[in-house]
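S.K.: Let's see this in three dimensions:
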Amino acid sequence: MKLDRIISLATLGASLVAVVLVLKKPAPVAQPQSPAAIAANAQSFGQKMEQLEQAAQQGPAASTGNYPTSQSQNPERVYSSPVSSPQAKAEVHINSDEVEAALSQALGAGTGELSADSNIGSGAPTIKDQQVSFEGDVVRGQFLTVIAGKEVWVTVSGHLTSKDGYATFEPTEFKVGDLSVPVSLVNPTLQKRLAEQRDRLKLPDYVGDVKVQNGELVMQQK
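M.R.: Below you'll find the model as predicted:
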């Protein structure tokens, strides 16, 4: 067998493997939520945001001694800013189920579910389903979209922070289906798209800092 024939077969084989990996559904980053759970978690998300807004309107938390608290899925874990610090600011801790529920309602026009026509704005890819999880200081999102007429799962992981009143995202992993794509190839385009959607990344006026820490989204009053 000639060398060029061997190379052609190897190229074809690699292409087929890549197609299979791209179309293969990856391991989910989170467990699906029932409609009731989505409604409850979305409500919890909204309550925590209202809590933070009220704290900002009251001024520095240390001046009144009233600290809004937030509660994760574990009812025994309640967070508050320490009273002993004169510079302490109120903050809320939001778990991934609450973020995913809020996102589901936002994309689904308040229905709590995504439809095939759900999208995130003009010119944006159609999102048919999504999952969100936090691990340490990393946020991981998984989105079902349509590419070339085929349903494909896109998974992106990275660090969420804030700068000058806007949320920023630095990817650490990117996958299409079950195929890993070098972040260096994706990041320039991703950052360009984020810049084009900058208005969507603006934090509420009462939020001063946002980050993922210990598997939760932490928002601090401005």
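S.K.: Next, the contact list for Met49, please.
M.R.: By Cβ atoms under 8 Å, 6 or more residues apart in numbering, the residues touching Met49 are Val92, Pro204, Met219. C-betas here are computed from N, CA, C, even on glycine.
S.K.: ok, so of those, who is nearest Ala101?
M.R.: Distance to Ala101, by Cβ to Cβ, is smallest for Val92 among the contacts of Met49, at 15.2 Å.
S.K.: can you pick the most crowded of the contacts of Met49?
M.R.: Among the contacts of Met49, Val92 has the most neighbours (other Cβ atoms under 10 Å), with 26 neighbours.
S.K.: Quickly list what that one is bridged to.
M.R.: Beta-bridge partners of Val92, counted by DSSP bridges, are Met219.
S.K.: how far away is it from Val181?
M.R.: Counting by Cβ to Cβ, to the nearest Å, the gap between Val92 and Val181 amounts to 34 Å.
S.K.: can you check Ala102 too?
M.R.: 28 Å.
S.K.: Let me know the secondary structure of Gln33.
M.R.: Here Gln33 is coil, with the state taken from DSSP: H, G, I helix; E, B strand; the rest coil.
S.K.: Please verify my assumption that it contacts Ala42.
M.R.: No. Applying Cβ atoms under 8 Å, one finds Gln33 not in contact with Ala42, separated by 9.8 Å.
S.K.: In terms of neighbours, single out the busier of these two.
M.R.: More crowded of Gln33 and Ala42, by other Cβ under 10 Å: Ala42, with 23 against 18.
S.K.: And for Gln57, the neighbour number?
M.R.: Residues contacting Gln57 under the criterion other Cβ under 10 Å number 9.
S.K.: Report the spatially closest residue to it, excluding sequence-adjacent ones.
M.R.: Tyr206 (7.3 Å; Cβ to Cβ, 6 or more residues apart in numbering).
S.K.: Could you verify my assumption that Thr145 touches Thr155?
M.R.: No. Assessed by Cβ under 8 Å, Thr145 is found out of contact with Thr155, at 11.3 Å.
S.K.: Remind me which helix or strand the nearest residue to Pro204 once chain neighbours are set aside belongs to.
M.R.: Spatial nearest neighbour of Pro204, chain neighbours left out: Glu53 (7.1 Å); criterion: Cβ to Cβ, 6+ apart. Using DSSP states H and E, the element containing Glu53 is helix 35-57.
S.K.: next one: Ala102
M.R.: In this structure, Ala102 is located in helix 96-107 according to DSSP H and E.
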